[in-house]
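# based on what follows, work out the 3D shape:
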Amino acid sequence: MFEAFVLYLLAINAAAIGAFAWDKRAAEKRTWRVPERRLLALAAFGGSPGALVAQQLLRHKTRKEPFRTALWLVAGVHAVALAVTAYQVI
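Predicted structure coming up:
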């Protein structure tokens, strides 16, 4: 069960990074873009670390509001959930 969860997290974070990279390239080429809603959904379903890393590495959507705030809010909720879970395990 734990291994499946880890594999899920790896996959969703890879998908988030890939979506940010795809959207960055599409923005540069002025072609079809990945909807912000989809980028935030990938982050919300566990891909927030990958989304934040991709955002910074690719310098993509770093100044776009309210997207930036929403992404950090999702990451903050994940951080709190992780802290609560870690506290309960100890």
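
# what comes up buried for the strand or helix carrying A41?
Taking DSSP states H and E as the definition, one finds A41 inside helix 36-42. Taking 16 or more other Cβ atoms under 10 Å as the neighbour-count basis, helix 36-42 is seen to contain the buried residues L39, L40, L42. Quick note: C-beta positions are derived from backbone N, CA and C, even for glycine.

# where does the closest residue to W72 other than its chain neighbours land on pLDDT?
Nearest-residue entry for W72: L52, 7.9 Å, with adjacent residues in sequence omitted and distances by Cβ to Cβ, 6 or more residues apart in numbering. L52 carries a pLDDT value of 97.

# any idea which helix or strand carries L52?
If you go by DSSP H and E, L52 is part of helix 48-58.

# could you pull out the buried residues of the helix ranked longest in the chain?
The residue-count maximum for a helix in the chain (DSSP state H) belongs to helix 2-29. Counting neighbours by 16+ other Cβ under 10 Å, one finds that the buried residues in helix 2-29 are I12, N13, A15, A16, I17, A19, F20, D23, K24.

# that helix - contacts with which helices or strands?
Using 3 or more Cβ pairs under 8 Å, 6 or more residues apart in numbering; DSSP states H and E as the contact criterion, the elements in contact with helix 2-29 are helix 36-42, helix 48-58.

# lovely, talk soon.
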